[in-house]
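K.L.:
A structural model of the following input is requested.
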Amino acid sequence: MENINQIKPRAAWLTVNRRCNFRCKWCYAEGTGYSSKKEMSYEFAKTLAILLQQIGVNRLLLIGGEPTLWAPLLRFNEFCVKEGLESILITNGSSFGNERFWERYKQYPNTKIALSLKASTPSQLREVAGVSNFRLIKRGIVRAITEIGAQVSITYNTFYIDNLVDMVQFAVDCGAASVKIDFCSVVFNHDRPDSTYMVPPDKLVKNILRDYPKLESLTNGHIVFEMMLPFCLWPLEFIQELKQKNQLLSVCHLLKRQGIIFDEEGNLIMCNALFDYPIARYREDFDDGQSLLTCLNTPKIRKLYDRMGCYPSVKCKDCDWYSECGGGCPLRWSVYKPEELIRPIKKATRRKEVEDYA
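P.N.:
Residues are numbered from 1 along each chain as shown. A predicted model of the protein is given here:
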């Protein structure tokens, strides 16, 4: 029988660079210094891709920085097509507004594009990302959505407390068929957790409940929430509604033990926000697929995953929804006290609530 705690990735994130043309205040990349010198070579990216293929990982997500600024991107995309690899580009979309880049990119596109929307107006773009070329960026967003079918996501943070509806309206106006909302979480910088741009849980819940009817209407029901908060912080009927409508994603790759992240040097990290905390290093700890799997399942690394995936509160042990919830993003508990927030949902309580809702 397969060990359910075995770490066996199904997808991998390649941090191809740290350079970015945006300066979004809530982004973990700020702590990396946006250095143009920190990037993968084309040959090393291929090496990692082949290594991953050896263990059955054919789904690669390219992240940065801003990966459209990675010079080998189009060559690597061509390589992925030849090798039968799925490549997913995570981007702010701004480069697609450049005519020359766009024409070249269309010849060697990624399998999919995950477009992270930052602003719906020129003034908002200047405020949150520190750039002023709104018209060019909008052109790139429209192109990515309408011509290649990019999927749109928005990271809800303090800048969007009162204009999330406007953000989603802008996405729809640009052609988005669906929108995913995730929630800004903790980033670590110089060994300290930073939650400056996180919306406090009580306010976040209140605001999302307020905006949900309009968000669902704007997207014709194609709104999805990547739930990074414990389910018990929300009204049960709201969680149940999201589940019934397939509008809910929960439990991240870290807690599922199904995804791994490589930084630009090939170091393994557990989460993008933990970029300063590698858990294994290429050449030192692994150099091929089998040694990578062996490394991931050493007592040392499995203990790290166990610690990250432990119950936020002993109350979670009694909750009927924990397997679907996972306690939310584990990094949040570096700034919040779970015993002050967690309210376990007992089986009898849940059954009654679901029956009442139905």
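K.L.:
on contacts alone, who are the packing partners of the helix or strand encompassing Met167?
P.N.:
Per DSSP states H and E: Met167 is located in helix 164-173. When contacts are defined as 3 or more Cβ pairs under 8 Å, 6 or more residues apart in numbering; DSSP states H and E, helix 164-173 packs onto strand 151-156, strand 179-183, helix 201-218. Where you see a C-beta, it was placed from the backbone N, CA and C, and this is true even at glycine.
K.L.:
Each with direction, which strands does the second one pair with?
P.N.:
For strand 179-183, sheet partners with direction are given as strand 151-156 (parallel), strand 223-227 (parallel), following DSSP bridges.
K.L.:
what's near enough to touch Leu115?
P.N.:
The neighbourhood of Leu115, defined by Cβ atoms under 8 Å, 6 or more residues apart in numbering, consists of 91-93, 141, 144-145, 150-153.
K.L.:
quick one, phi/psi of Thr298?
P.N.:
phi -70, psi 150 (degrees, to the nearest 10).
K.L.:
swap in the one 3 residues further on?
P.N.:
Backbone geometry at Ile301, expressed as degrees, to the nearest 10, gives phi -80, psi -40.
K.L.:
pLDDT below threshold where in the stretch 201-350 of the chain?
P.N.:
Along the stretch 201-350 of the chain, segments meeting pLDDT under 70 span 347-350.
K.L.:
again, 80 this time
P.N.:
Residues of the stretch 201-350 of the chain that meet the criterion pLDDT under 80 lie in 344-350.
K.L.:
which residues in it form strands?
P.N.:
Applying DSSP state E, counting those that start in this stretch to the stretch 201-350 of the chain gives strands spanning 223-227, 248-250, 259-262, 268-269.
K.L.:
Comparing the ones you listed, which comes out most buried?
P.N.:
For the strands of the stretch 201-350 of the chain, the largest average neighbour count (mean count of other Cβ atoms under 10 Å) is found in strand 259-262, namely a mean of 23.
K.L.:
okay, the helices and strands packed on helix 164-173 in TSV with mean neighbour count and distance to Cys80 next?
P.N.:
Converted to TSV, those look like this (neighbours: other Cβ atoms under 10 Å; distance: least, Cβ to Cβ, whole Å):
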stretch	mean neighbour count	distance to Cys80
strand 151-156	21	18
strand 179-183	22	23
helix 201-218	16	34
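K.L.:
Any chance of CSV for the ones you listed, columns distance to Gly266?
P.N.:
CSV is the format used below for the helices and strands packed on helix 164-173 (distance: least, Cβ to Cβ, whole Å):
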stretch, distance to Gly266
strand 151-156, 27
strand 179-183, 27
helix 201-218, 36
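K.L.:
which one of the ones you listed lies closest to Leu14?
P.N.:
strand 151-156 (18.6 Å; Cβ to Cβ).
K.L.:
Read off the pLDDT value for the closest residue in space to Phe101 that isn't next to it in sequence.
P.N.:
Ranked by Cβ to Cβ, 6 or more residues apart in numbering and with sequence neighbours excluded, the top spatial neighbour of Phe101 is Ser95, at 5.1 Å. Ser95 carries a pLDDT score of 97 in this model.
K.L.:
Wasn't Ser95 part of a strand?
P.N.:
No. Under DSSP: H, G, I helix; E, B strand; the rest coil, Ser95 falls outside any strand and is assigned helix.
K.L.:
which residues touch it?
P.N.:
Contacts of Ser95 (Cβ under 8 Å, 6+ apart): 21, 66, 68-69, 101-102, 105, 140.
K.L.:
about what we covered before: which parts of the helix holding Met167 are buried?
P.N.:
164-165, 167-172 (16 or more other Cβ atoms under 10 Å).
K.L.:
elements contacting the helix or strand harbouring Leu74?
P.N.:
Element membership for Leu74, per DSSP H and E: helix 73-83. Judged by 3+ Cβ pairs under 8 Å, 6+ apart, the packing partners of helix 73-83 are helix 42-53, strand 59-63, strand 86-91.
K.L.:
how many neighbours does the closest residue to Gly56 other than its chain neighbours have?
P.N.:
Nearest non-adjacent residue to Gly56, counting by Cβ to Cβ, 6+ apart: Arg10, 7.9 Å away. Neighbour count of Arg10, defined by other Cβ atoms under 10 Å: 15.
K.L.:
Would you mind measuring from Arg10 to Gln258?
P.N.:
Note on Arg10: its distance to Gln258, by Cβ to Cβ, to the nearest Å, is 5 Å.
K.L.:
and what of Gln53?
P.N.:
Gln53 is 17 Å from Gln258, by Cβ to Cβ.
K.L.:
repeat for Gln54
P.N.:
17 Å.
K.L.:
Now do the buried residues in stretch 7-18.
P.N.:
7, 9, 11-18.
K.L.:
Save these as TSV, and put in pLDDT and distance to Tyr311 too.
P.N.:
Shown next, in TSV, are those (pLDDT from 0 to 100; distance: Cβ to Cβ, whole Å):
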residue	pLDDT	distance to Tyr311
Ile7	87	19
Pro9	93	24
Ala11	95	26
Ala12	97	28
Trp13	97	26
Leu14	98	32
Thr15	97	30
Val16	97	35
Asn17	96	37
Arg18	93	34
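K.L.:
which of those residues lies closest to Lys37?
P.N.:
Distances from Lys37 to those, taken by Cβ to Cβ, are shortest for Arg18, at 8.4 Å.
K.L.:
My read is that that closest one contacts Met40, right?
P.N.:
No. Between Arg18 and Met40 there is no contact under Cβ atoms under 8 Å: 10.2 Å.
K.L.:
Next, show the common contact partners of those two.
P.N.:
Glu264.
K.L.:
need the contact list for Arg343.
P.N.:
Arg343 neighbours (Cβ under 8 Å, 6+ apart): 232-233, 315.
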